[in-house]
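**Q** pasting the structure only:
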């Protein structure tokens, strides 16, 4: 089975984020595999362990994004492809999907996996866009995946309920929390990952024109949410608390 995983390197959202000149500053920021893409990597490796085959991880990004691919290969992926984004300034979801499609169209694959969204932009568009460009079925936000022959069965959460879907290979699916528990790379895995093949491409290698894949959207401003005011703790017995609450709602919040 030929398994592809599309992943993105994102900043660690647990770290303190600083905005400089309208951009997120990379100084002192730790970069990691997008958490939802980690579920996709883990599921791909589990499929390989069950059905055999090969796992190829693909990313678009600067040189530092190689580390995300090496981490995925340390987990068990077999090889990686990185597309240099130097000529893809301000790439949006349209751009990323077009470039990924150009990479994948010449590859043999049975299934493509990815996270259902990236934590740094949260658009959840790349997976569906890519499937449309490749003209293959797409199922998003899956929490269970089973493959029998060329038949694919998945479960996905739908507003608290579970939806059961059956389809055929080839297919693209996007993962969300609950699909699995990603493994930690082992020390032998980390050492082996350093020697696994990594192909480097740019848009010229893909016969893409810069203007053709130029972003369709423009980010006007990047800013942190305003700091919340400190909350108030009501003290005293219940009657006093109710009176104080009504006073606050009437005179400060002015909602009653």
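**A** Ah, there it is. Note that the coordinates shown come from a computational prediction; the quantities given were computed from them, not determined experimentally.

**Q** return the set of buried residues in stretch 6-25.
**A** Neighbour counts over stretch 6-25 (16 or more other C-beta atoms under 10 Å) mark 6, 7, 8, 9, 10, 11 as buried. No exception for glycine: its C-beta is placed from N, CA and C like everyone else's.

**Q** output those in TSV; the columns should cover pLDDT.
**A** Compiled in TSV, the buried residues of stretch 6-25 are given as follows (pLDDT from 0 to 100):
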residue	pLDDT
6	98
7	97
8	95
9	94
10	90
11	86
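
**Q** in helices only, show me these.
**A** Per DSSP state H, helices hold no members of those.

**Q** turn these into CSV, including distance to residue 118.
**A** Formatted as CSV, the buried residues of stretch 6-25 follow (distance: C-beta to C-beta, whole Å):
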residue, distance to residue 118
6, 11
7, 9
8, 5
9, 10
10, 6
11, 10
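
**Q** any idea which strand is longest in the chain?
**A** For the chain, the longest strand by residue count, based on DSSP state E, is strand 138-148.

**Q** C-terminal to it, what's the next element?
**A** strand 151-158 (DSSP states H and E).

**Q** in strands, which of the buried residues of stretch 6-25 fall?
**A** Using DSSP E, the buried residues of stretch 6-25 in strands are 6, 9, 10, 11.

**Q** and the first one, what are its bridge partners?
**A** It refers to residue 6. Counting by DSSP bridges, residue 6 is bridged to residue 58, residue 114.

**Q** contacting residues around the helix or strand bottoming out on mean pLDDT in the chain?
**A** Least confident element among the helices and strands of the chain, by mean pLDDT, DSSP states H and E: strand 23-24 (a mean of 74). By C-beta atoms under 8 Å, 6 or more residues apart in numbering, the surrounding residues in contact with strand 23-24 are 11, 17, 18, 222.

**Q** just put those in JSON lines and tack on secondary structure and distance to residue 250.
**A** Shown next, in JSON lines, are the contacts of strand 23-24 (DSSP: H, G, I helix; E, B strand; the rest coil; distance: C-beta to C-beta, whole Å):
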{"residue": "11", "secondary structure": "strand", "distance to residue 250": "43"}
{"residue": "17", "secondary structure": "coil", "distance to residue 250": "37"}
{"residue": "18", "secondary structure": "coil", "distance to residue 250": "40"}
{"residue": "222", "secondary structure": "coil", "distance to residue 250": "38"}
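
**Q** which one of those residues is nearest to residue 54?
**A** Proximity of the contacts of strand 23-24 to residue 54 (C-beta to C-beta) peaks at residue 11, which lies at 29.9 Å.

**Q** the domain parsing of the chain - what is it?
**A** Per automatic domain parsing, the structural domains of the chain span 2-201, 228-256.

**Q** pretty sure residue 82 contacts residue 197?
**A** No. Assessed by C-beta atoms under 8 Å, residue 82 is found out of contact with residue 197, at 11.5 Å.

**Q** hmm, back to that, okay, who's weakest in the contacts of strand 23-24 by pLDDT?
**A** Ranked by pLDDT, the contacts of strand 23-24 bottom out at residue 17 (76).

**Q** the nearest residue to that residue once chain neighbours are set aside pairs with what?
**A** Spatial nearest neighbour of residue 17, excluding adjacent residues (C-beta to C-beta, 6 or more residues apart in numbering): residue 24 at 6.0 Å. With DSSP bridges as the criterion, residue 24 is bridged to residue 19.

**Q** count the residues that sit near residue 194.
**A** Neighbour count of residue 194, defined by other C-beta atoms under 10 Å: 10.

**Q** nearest spatial neighbour of it, skipping sequence neighbours?
**A** Per C-beta to C-beta, 6+ apart, closest to residue 194 is residue 70, 7.1 Å.

**Q** which strands or helices does the one helix or strand that neighbour maps to pack on?
**A** Residue 70 belongs to helix 66-75 when assigned by DSSP H and E. Counting contacts by 3 or more C-beta pairs under 8 Å, 6 or more residues apart in numbering; DSSP states H and E, helix 66-75 is packed against strand 31-33, helix 35-51, strand 54-61, strand 79-84, helix 187-193, strand 198-201.

**Q** I appreciate the help and will end here.
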